[in-house]
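>>> I'll drop the sequence and a predicted model, then ask my questions.
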Amino acid sequence: MRNRSGIQGIASSPVIVGAVTVLIVIVAVFLAYNANNGLPFVATYDLKARLPNATALVKGNEVRIGGSRVGVVRTVTPVQLDNGAVIAELDLKLDKSAEPVPANSTMIIRPKSPLGLKYLQIVPGDSSRGLAAGDTIPVAAARPEPVDIDEFFDTFDEPTRAAIQRNNAGFGTAFAGRGPQINAALGAIRSAAENGQPVLRTLVAPSTNFGGFWEALADLSATVAPVAEQQASMFVALDRTFAAFARVSRPYIQETIVKGPPTLEAVTADLPALRPFFRSSGRFFAALKPGARALGATSPTINAALRAGIPALNRSPALFAQLDPTAQAVLDFQREPGVFNGLDLLTDLNETLDPAISYIAPAQTTCNYLTLAASNLADSFSETNGNGNWLGAIVFEAPDGPNAESQPASAPANGPNRKNHLHFNPYPRTAAPGQDDVCEAGNERYTPGKTVIGHAPELLGTTTVNEE
């Protein structure tokens with residue numbers, strides 16, 4: 001009865017009951033607050049990991065293996081290597097169930113949600129040796145961080161959007177007023193496709209032996225390939241030989257050619273009178289002496305050319321044997337109906353597209369805009385480096401003032417401060433006909449303190465290049 005009365009005394013005391021309740025609440029809050037970092041008094045498997053870049057990975061992020069949560073990132077610490085590069089070192093607190101992680105495992109930072117939350121994914125390797133507690137996963141095991149959707153959209157920053165607008169304006173200028181030509185070109189393409197079907201049927205017909213043409217062409221290439229170097233050496237040697245003859249062509253070889261016919265006439269008509277013939281021969285050899293000296297200097301080259309030409313000539317019968325079926329296949333193809341009709345359609349298509357191409361082509365051939373656009377798109381998806389992804393956002397501050405770009409406007413921004421001025425060119429010059437080969441898009445110089453609508457008064461240059 002004494003113990004029961006003691007318990008009833010404690011239960012009937014509001015102070016003791018309140019203190020016990022507050023203690024339980026504090027313990028529950030403490031356990032809930034540290035739940036992401038692991039429960040206390042529970043054994044863990046601690047590792048360290050090194051990454052080239054831990055962008056957006058913070059303390060408390062999850063560590064997953066096979067999609068299941070096995071721990072958390074306890075700390076993220078920058079570490080400077082001996083070569084001066086800075087990497088991130090992670091302190092990982094893993095569950096004992098994940099022990100041991102294979103030594104050749106790899107890591108990758110993956111997005112957990114579109115809002116930017118990340119987690120560290122460990123991909124176990126096939127090594128029989130596991131990492132002991134306290135070991136470090138090397139930076140070589142890190143894989144490039146995937147490109148998130150928000151980083152992809154960050155590529156369309158203000159300069160990029162402005163460049164896209166200028167390109168669209170340039171292309172619009174090229175296509176403006178050419179609807180009938182474009183329609184005619186599309187119609188010609190359809191007609192060419194319809195009329196090209198007989199040509200294709202002829203090509204694949206057994207009687208055409210179009211496959212034999214390619215086989216013969218392959219045999220021809222295979223025959224020439226082994227002696228390609230010898231033939232190249234032969235042409236080089238011939239070039240040197242003819243160059244040597246060219247140096248003595250005038251007046252020596254020229255005089256030899258001029259005096260040749262009279263000499264032959266003299267031999268034919270005056271063969272009994274040998275003396276005039278010998279005199280003419282003496283003059284001939286005297287004129288030929290400089291050429292002979294040049295020939296002596298080039299004789300090693302001629303010798304090398306002859307040595308290189310002998311194997312090529314030995315293999316030439318096989319080449320000649322392939323020429324006849326090849327020529328016959330080409331002739332059979334030329335005789336088939338529809339071939340010339342297809343060529344005429346291609347000619348008509350080229351004439352139809354010529355006006356539009358004359359305006360579109362300079363944007364690439366002169367201004368290099370298409371190559372620059374493809375290069376910039378390729379750079380957007382390039383891999384990471386030691387400082388982070390190539391993708392990035394350019395932070396800028398919009399100007400303040402009446403009709404500024406940062407707010408709705410009823411008129412072009414025109415001051416009062418130097419920064420609050422609108423610069424807009426809806427139709428920049430792209431080296432089209434009549435535009436004096438000027439590549440205005442991308443070369444317009446910003447004019448502070450002045451509103452410019454239309455062509456800029458001053459350009460940074462008139463051409464564009466793709467600088468590496």
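Alright, I've got the coordinates. For clarity, every value in this text was computed on a predicted model and none was experimentally measured.

>>> what's the domain layout of this protein?
Residue ranges of the domains in the chain are recorded as 44-146, 210-335, according to automatic domain parsing.

>>> okay if I get the ones you listed as a markdown table plus mean neighbour count, mean pLDDT and distance to A174?
The way it works is simple: take the backbone N, C-alpha and C, and place the C-beta from them, glycine included. As requested, the domains of the chain are arranged in a markdown table below (neighbours: other CB atoms under 10 Å; pLDDT from 0 to 100; distance: least, CB to CB, whole Å):
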| stretch | mean neighbour count | mean pLDDT | distance to A174 |
| --- | --- | --- | --- |
| domain 44-146 | 16 | 84 | 38 |
| domain 210-335 | 13 | 82 | 37 |
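
>>> Between the ones you listed, which one is closest to P448.
For the domains of the chain, proximity to P448 was assessed by CB to CB; domain 44-146 is nearest, at 35.2 Å.

>>> returning to what we had before: using CSV, lay out the domains of the chain together with distance to R166.
Formatted as CSV, the entries for those read as follows, by distance: least, CB to CB, whole Å:
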stretch, distance to R166
domain 44-146, 31
domain 210-335, 46
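
>>> Just confirm F424 contacts I453, I think it does.
Yes. Checked against CB atoms under 8 Å, the pair F424 and I453 is within contact range at 5.4 Å.

>>> between the two, which one's more packed in?
Each of F424 and I453 had its neighbours counted (other CB atoms under 10 Å), and the higher figure belongs to F424 (13 against 10).

>>> what does the model give that one for pLDDT?
At F424, the pLDDT value in this model is 82.

>>> State the distance from it to A373.
Distance check for F424 against A373: by CB to CB, to the nearest Å, it reads 21 Å.

>>> same deal with T301?
50 Å.

>>> Please apply the same query to W214.
Going from W214 to A373 by CB to CB gives 37 Å.

>>> now do V224
Using CB to CB, V224 is found at 40 Å from A373.

>>> likewise N195?
As defined by CB to CB, N195 lies at a distance of 35 Å from A373.

>>> Repeat that for G461.
Applying CB to CB, the value for G461 to A373 is 18 Å.

>>> Which helix runs longest in the protein?
helix 274-335 (DSSP state H).

>>> Toward the C-terminus, what is the element adjacent to that helix?
In the C-terminal direction, the helix or strand that comes right after helix 274-335 (DSSP states H and E) is helix 339-360.

>>> Tell me the buried residues in that next one?
Using 16 or more other CB atoms under 10 Å as the burial criterion, the residues of helix 339-360 that qualify are 342, 345, 349, 352-353, 359-360.

>>> what's the most distant pair in those residues?
Based on CB to CB, the longest span within these runs between G342 and Y359 and measures 27.3 Å.

>>> Phi and psi next, for V452.
Per-residue torsions, V452: phi -130, psi 120 (degrees, to the nearest 10).

>>> burial measure for it, as a count.
By the criterion of other CB under 10 Å, V452 has 18 neighbours.

>>> Skipping its backbone neighbours, what lies nearest it in space?
Here the nearest residue to V452 in space, its sequence neighbours aside, is H423; by CB to CB, 6 or more residues apart in numbering that works out to 4.9 Å.

>>> Report whether the expected contact of that neighbour with A456 is present.
Yes. Counting by CB under 8 Å, H423 does reach A456; the two are 7.5 Å apart.

>>> who touches Q364 in this structure?
Neighbour list for Q364: 370-371 [criterion: CB atoms under 8 Å, 6 or more residues apart in numbering].

>>> Could you report the distance from it to R129?
The gap separating Q364 from R129 is 56 Å, by CB to CB.

>>> biggest strand in this protein, by residue count?
Counting residues, the longest strand in the chain under DSSP state E turns out to be strand 68-80.

>>> From the contact counts, what lies against the strand or helix carrying F235?
Here F235 sits within helix 228-247, counting by DSSP H and E. Helix 228-247 makes packing contacts with helix 274-335 when contacts are defined by 3 or more CB pairs under 8 Å, 6 or more residues apart in numbering; DSSP states H and E.

>>> Determine the set of other helices and strands touching the helix it packs on.
Using 3+ CB pairs under 8 Å, 6+ apart, helix 274-335 is in contact with helix 210-224, helix 228-247, helix 254-269.

>>> I109: which of those is closest?
The stretch from the helices and strands packed on helix 274-335 with the least distance to I109 (CB to CB) is helix 210-224; that distance is 50.2 Å.

>>> Run the chain-centre distance for that closest one.
In this view, helix 210-224 has its centroid 33 Å away from the chain centroid, taken as CA atoms, centre = their mean, to the nearest Å.

>>> got it, and stretch 61-69?
35 Å.

>>> can you check stretch 232-246 too?
For stretch 232-246, the separation from the chain centroid amounts to 40 Å (computed by CA atoms, centre = their mean).

>>> Any chance you could list what contacts that stretch?
The contact list for stretch 232-246, computed with CB under 8 Å, 6+ apart, reads 253, 291, 294-295, 297-298, 301-302, 304-305, 308-309, 312.

>>> any idea how far D95 is from L117?
Counting by CB to CB, the gap between D95 and L117 amounts to 21 Å.

>>> where along the stretch 351-468 of the chain do the strands fall?
Per DSSP state E, counting those that start in this stretch, the stretch 351-468 of the chain has strands spanning 423-424, 452-453. These are given in chain order.

>>> returning to what we had before: any common contacting residues for H423 and A456?
By CB under 8 Å, 6+ apart, H423 and A456 have these common neighbours: 444, 447.

>>> any idea how far T430 is from T365?
When CB to CB is applied, the distance between T365 and T430 equals 11 Å.

>>> Looking at these two, which is more packed in?
Neighbours around T365 and T430, counted as other CB under 10 Å, are more numerous at T430. The numbers are 26 against 10.

>>> tell me the contacts of that one?
170, 173-174, 362-363, 367, 369, 439-441.

>>> rerun at 10 Å
With CB atoms under 10 Å, 6 or more residues apart in numbering as the criterion, the residues that contact T430 are 166-167, 169-171, 173-174, 359-360, 362-364, 366-367, 369, 438-442.

>>> before we move on, what SS does T208 have?
With DSSP: H, G, I helix; E, B strand; the rest coil as the basis, T208 sits in coil.

>>> tally of neighbours for it?
By other CB under 10 Å, 17 other residues sit near T208.

>>> Can you give me the end-to-end span of stretch 222-236?
Its first and final residues considered, stretch 222-236 spans 22 Å by CA to CA, to the nearest Å.

>>> quick one: it to chain centroid distance?
Between the mean C-alpha location of stretch 222-236 and the chain-wide mean there is a distance of 34 Å, by CA atoms, centre = their mean.

>>> Same check on stretch 89-103?
Taking the mean of its C-alpha atoms, stretch 89-103 sits 39 Å from the chain's own mean (CA atoms, centre = their mean).

>>> and if you look at stretch 174-187?
On the basis of CA atoms, centre = their mean, stretch 174-187 is displaced by 31 Å from the centre of the chain it belongs to.

>>> Can you point out the buried residues in that stretch?
Along stretch 174-187, the positions that meet the burial threshold by neighbour count (16+ other CB under 10 Å) are 174, 184-185.

>>> Closest to T155 out of these?
With CB to CB as the yardstick, the closest approach to T155 among the buried residues of stretch 174-187 comes from A174, at 25.3 Å.
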